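Q: Output the structure for:
(2 chains)
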Amino acid sequence: MVSLARKLIASRNPSPISLESQEALQPFIPFSRLQETKLLESHLVSLLDNCSSLIQIKQVHAHVIRKGLDQCCYVLAKLLRMLTKINVPMNPYPRLVFHQVEYGNPFLWTALIRGYSIQGPLEEAVHLYNAMRREDISPVSFTLTALFKGCSDELELNLGRQIHCHGIKLGGFCKDMFVHNTLIDMYVKCGCLDCGRKVFDEMYERDVISWTSLIVAYSKAGDMAAAVELFERLPVKDLVAWTAMVSGCARNGKPREALEFFHRMQSAGVETDELTLVAVISACAQLGAAKYANWARDVAEGYGFGPANHVMVGSALIDMYSKCGNVEEAYKVFEKMREKNVFSYSSMIVGFAMHGCANAALDLFEEMVKTEVKPNKVTFIGVLMACTHAGLVERGRDLFDRMEKHYVVEPSIEHYACMIDLLGRAGQLEEALELIKAMPMEPNSGAWGALLGACRIHGNPEIAEVAGHRLFELEPDSIGNYVLLGNTYASAGRWEDVLEVRKLIKQKLLRKDPSRSWIEGKEGVIHEFYAGDMTHPNSKEVKEALEDLVGRLKSCGYEPNLSSVPYDLSEEHKRRILLTHSEKLALAYGLLITDTGSAIRIMKNLRICEDCHSFMCGASQITGREIIVRDNKRFHHFRNGVCSCGNFW
DNA sequence: TTAGGGTTAG
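A: Residues are numbered from 1 along each chain as shown, chains lettered A, B, ... in the order given. From the prediction side, this is the model:
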């Protein structure tokens, strides 16, 4: 038997049967039987609700047929929704269920439309929607939300807009909040924030979901001012809205503001959940200070969200401890976690890589691939970074080759940048240049920047010129590239070219980010030092401590590395400049204020120079102290005269 | 029966 529904879909011409005639065809059911049927329907729906596999659903379906309810849209729509939920393809089984019904109601149609919207193809969902309208079956709000969701997943802005224009009036949804909230989300996800805002502004009535959708959209677009403005106007702020602000600030590099929102949230008596804590921990990770790290962990545990049972909090803690310089604590958290996902493994691998523990990172990767957890693109960035920091070129090459073949992770532009970094830092500059040329995508500033950085390390002004000029086109206002090229010329003694680069910087009115280092003092107070800066209240003691240290180092054979000063100056002048590098000042201060047994933790905004690097090595030996320096890329652990980076940085 | 907040890299 060819069902009516199938004929309707196939036909371009509307069927002559109207809704009234469908009603007329319903058999008469006595009242008590009706009650009995309703009870049975509810029972079947709750049975379906508890299904988690196709076999179970088919068993219930067989039961539905036995009970003579094979035409009951209420039950069958639920059945279709459950099939969608467990991701059963709409063709053939769910589709067959739909076609076997003679007179589908809007909920049954919508369940199928929703299935296609989620699974694709979206065209099929739209085709069904049109067929439904041709049959004069009015869409319900759920029909439109399903279609908008499909459009936002597929980024089909125009289609979404068409459905918006026709559908809203057609179904009388002008005041429907569900429909409008989904619509805001659709416009925002399709990249049209202004359209989302327009929908919001014109809404008949708004709830906290409408506001939060837009707040999140602004924060994801990097416009925190607009997000804050909306948030402050939001009349009743709930847990999700507050969390959106905490995570929005953290995402946009405003960790202090994130913590302020969290404190306000607590004062307002709003509950806290795992997602809020993840945002708080991520803010503390950016602050990089032990004081905040320990505070964040105490807060999480105080709310009952310890890492053992909460995989998201655990993963965020791993990342935080790594970024705060404490990779041992990060690993302790990792070990405590009962459930580990790709975030936990990747954060730990990246953490090891940042700290120069290449073998630990690679061993953990091997352990990970033996589990059910599949590595993703970030995992591979972590292992490639580990190889880079340890100079493991062949291992990196092998992983890069295998990532697509064995692990089905397509190498992205970032992975190519990692490989260029790996080859470049290991001194294989020609190979790195060849790889840039062979990339299947247009090389971006990350790729060229990695090459330029490597040229600076290995003193290759010829390749640096190629990379530098490409970077000047891609990022004309980024001062770092000019400085790197200038320094490469300087290390080769090409002072005229250095002047040319400086002229360019002047013409463009670019300002160099001053080199600065900071150290966490007692009770979490941050002390900051700039290169050549003697304004710290204890600068006299700092200077004395530094001179004392230099004297002791010199007697052990330390000689300043004058090529670390990219200026054409006298040797004596270069020596003096080197002695006031901010990390050396921070180290001297650290020796004064920290306990003898503890590690000295220094943070720095730029890459550590060769001279400071060997200075730290020597200082760690003669003072017997562990010195941990976080530069703009990674961590250096100096112990007994050796750095964890093995001089690859 | 549909809608809002999330962690890893750069």
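Q: mind checking how far stretch A:200-208 is from the chain centre?
A: Offset of stretch A:200-208 from its chain centre (C-alpha atoms, centre = their mean, to the nearest Å): 30 Å.
Q: What is the end-to-end distance of it?
A: Terminal residues of stretch A:200-208 lie 12 Å apart, using C-alpha to C-alpha, to the nearest Å.
Q: just stretch A:516-525 next, same as before
A: Stretch A:516-525 has an end-to-end distance of 16 Å (criterion: C-alpha to C-alpha).
Q: Tell me where the model's unsure across the stretch 101-250 of chain A.
A: In the predicted model, the stretch 101-250 of chain A carries pLDDT under 70 at residues A:169-171.
Q: Enumerate the residues of it near DNA strand B.
A: By C-beta under 7 Å from any atom of the strand, the residues of the stretch 101-250 of chain A that approach DNA strand B are A:107, A:140-142, A:145, A:149, A:177-179, A:181-182, A:185, A:207-209, A:211-213, A:216, A:220, A:238-241, A:243-244, A:247-248. Backbone N, C-alpha and C define where each C-beta goes, glycine included.
Q: Report the contact partners of A:Val550.
A: Taking C-beta atoms under 8 Å, 6 or more residues apart in numbering, we find A:Val550 in contact with A:Tyr558, A:Leu579.
Q: now do 10 Å
A: If you count contacts by C-beta atoms under 10 Å, 6 or more residues apart in numbering, A:Val550 has them with A:Tyr558, A:Pro560, A:Arg575, A:Leu578, A:Leu579, A:Lys584, A:Ala588, A:Phe615, A:Gly618, A:Ala619.
Q: Looking at these, which are in helices?
A: If you go by DSSP state H, the contacts of A:Val550 have A:Arg575, A:Leu578, A:Leu579, A:Lys584, A:Ala588, A:Phe615, A:Gly618, A:Ala619 in helices.
Q: Also near DNA strand B: which of those residues, exactly?
A: Of those, not one also sits near DNA strand B (C-beta under 7 Å from any atom of the strand).
Q: Now the contacts of A:Val550 in CSV, please, with extra columns for neighbour count and pLDDT.
A: Compiled in CSV, the contacts of A:Val550 are given as follows (neighbours: other C-beta atoms under 10 Å; pLDDT from 0 to 100):
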residue, neighbour count, pLDDT
A:Tyr558, 19, 81
A:Pro560, 20, 83
A:Arg575, 16, 80
A:Leu578, 20, 79
A:Leu579, 17, 82
A:Lys584, 24, 90
A:Ala588, 23, 90
A:Phe615, 27, 90
A:Gly618, 19, 91
A:Ala619, 26, 91
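Q: Kindly indicate which of those residues lies nearest A:Gly253.
A: Nearest to A:Gly253, judged by C-beta to C-beta, of these is A:Lys584 at 27.6 Å.
Q: Quick check: that closest one touching A:Phe615?
A: Yes - with contact defined as C-beta atoms under 10 Å, A:Lys584 reaches A:Phe615; the gap is 6.3 Å.
Q: What is the neighbour count of the closest residue to DNA strand B within the stretch 451-600 of chain A?
A: Relative to DNA strand B, the nearest point of the stretch 451-600 of chain A is A:Gly453 (11.2 Å; C-beta to the nearest atom of the strand). Using other C-beta atoms under 10 Å, A:Gly453 has 23 other residues around it.
Q: wait, what's in contact with the spatially closest residue to it that is not a sequence neighbour?
A: Counting by C-beta to C-beta, 6 or more residues apart in numbering, the nearest residue to A:Gly453 once its immediate chain neighbours are dropped is A:Leu484, at 6.4 Å. For A:Leu484, the contact set (C-beta under 10 Å, 6+ apart) comprises A:449, A:452-453, A:455-457, A:464, A:467-468, A:471, A:501, A:566, A:607.
Q: Would you map the strands across the stretch 451-600 of chain A?
A: A:516-520, A:526-530, A:600-604 (DSSP state E, counting those that start in this stretch).
Q: whoops, the stretch 201-350 of chain A was the one
A: Listed in chain order, the strands of the stretch 201-350 of chain A (DSSP E, counting those that start in this stretch) amount to none at all.
Q: again with the stretch 1-150 of chain A
A: Assigned strands in the stretch 1-150 of chain A: none (criterion: DSSP E, counting those that start in this stretch).
Q: For DNA strand B, what is the nearest residue in it?
A: Nearest residue of the stretch 1-150 of chain A to DNA strand B: A:Phe142, at 3.5 Å (C-beta to the nearest atom of the strand).
Q: Next, show the common contact partners of A:Lys584 and A:Phe615.
A: Residues touching both A:Lys584 and A:Phe615 by C-beta under 10 Å, 6+ apart: A:Leu549, A:Val550, A:Leu578.
Q: Just the pLDDT at A:Leu585, thanks.
A: With respect to pLDDT, A:Leu585 scores 90.
Q: In space, what's closest to it - neighbours in sequence excluded?
A: Distances taken as C-beta to C-beta, 6+ apart place A:Phe529 nearest to A:Leu585, at 4.0 Å, with adjacent residues excluded.
Q: May I have the residues that are in contact with A:Ala125?
A: By C-beta under 10 Å, 6+ apart, the neighbours of A:Ala125 are A:90, A:110, A:112-119, A:143, A:146-147, A:149-151, A:154, A:159.
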